[in-house]
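Engineer: Next input, structure requested:
(2 chains)
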Amino acid sequence: EAQVTQNPRYLITVTGKKLTVTCSQNMNHEYMSWYRQDPGLGLRQIYYSMNVEVTDKGDVPEGYKVSRKEKRNFPLILESPSPNQTSLYFCASSHNRGNQFYGYTFGSGTRLTVV
Amino acid sequence: DQQVKQNSPSLSVQEGRISILNCDYTNSMFDYFLWYKKYPAEGPTFLISISSIKDKNEDGRFTVFLNKSAKHLSLHIVPSQPGDSAVYFCAANGSGGGADGLTFGKGTHLIIQP
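Structural biologist: Model (predicted):
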């Protein structure tokens, strides 16, 4: 089944303790993105990647890092989490074939709480 | 500065009637527009999209209309069904062909009443 898999689904952590949220897709997509969803703010893009070793900042990148060493994986790293990073996180992937953009497929989300 | 705006946080529609969700945008470089549907505790799921070179796209009960001069798009759902109750996000992509991700609106919570 074609999907984007995020782990973990739920995570409670303490301020300052480094964590990684993993994201993997099995569709051979070039494009991957991370978003956070907060009440009243919709989904905001954190980072995106156009292909292996190519990443760039989205609208709210502060406090996050990403890497794209392999096509299928796009982990989100919080080096020193703070309470304002408590949020619902989504990873997504997509591709473009012959100038046709097929939209993004989203994972099921990771609910992160930083205390 | 919000580039994609959904000005109605919620919308209530009777089952069987038409639901119309609206979206405005400010960035004239946007190339593709998409609608996503989201249930609680799930990721957004793709519903329908439209390229900036078109003004209408249909898929079953869902139709998206694009008015480029007004920088406005709308999603019509006819007829509305109880399973349509969800949060709907309007999203847009720039001229990168999708590579640089999506810009989302804040969402509209659609409630279908029996």
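
Engineer: contacts and neighbour counts: CA atoms only from here.
Structural biologist: Fine.

Engineer: A:Q3 is in contact with A:M27, correct?
Structural biologist: Yes. Shown here, A:M27 and A:Q3 form a contact pair, counting by Cα atoms under 8 Å, at 7.1 Å.

Engineer: Which strands or helices does the lengthiest strand in chain A pack on?
Structural biologist: In chain A, with assignment by DSSP state E, the single longest strand is strand A:42-51. The elements that strand A:42-51 packs onto, with contact taken as 3 or more Cα pairs under 8 Å, 6 or more residues apart in numbering or on different chains; DSSP states H and E, are strand A:31-38, strand A:54-57, strand B:103-104.

Engineer: For whatever residue of chain B ends up closest to chain A, which non-adjacent residue is spatially closest?
Structural biologist: In chain B, no residue comes nearer to chain A than B:K106, which is 3.8 Å away by Cα to the nearest Cα. Residue nearest to B:K106 in three dimensions, not counting chain neighbours: A:G42, with 3.8 Å by Cα to Cα, 6 or more residues apart in numbering or on different chains.

Engineer: wait, A:V115 sits on A:L11?
Structural biologist: No. The criterion here is Cα under 8 Å, and A:V115 misses it with A:L11 at 10.9 Å.

Engineer: got the contact list for stretch A:30-42?
Structural biologist: A:43-52, A:71, A:74, A:76, A:87-95, B:89, B:98-101, B:104-107 (Cα atoms under 8 Å, 6 or more residues apart in numbering or on different chains).

Engineer: A:T20 and A:D56, how far apart?
Structural biologist: To A:D56, A:T20 is 18 Å away according to Cα to Cα, to the nearest Å.

Engineer: now B:G60
Structural biologist: To A:D56, B:G60 is 37 Å away according to Cα to Cα.

Engineer: of these two, who's got more company?
Structural biologist: Taking other Cα atoms under 10 Å in any protein chain shown, B:G60 and A:D56 do not tie; A:D56 has more neighbours (14 against 7).

Engineer: returning to that earlier point: as a whole number, average confidence for the longest strand of chain A?
Structural biologist: For strand A:42-51, mean pLDDT rounds to 95.
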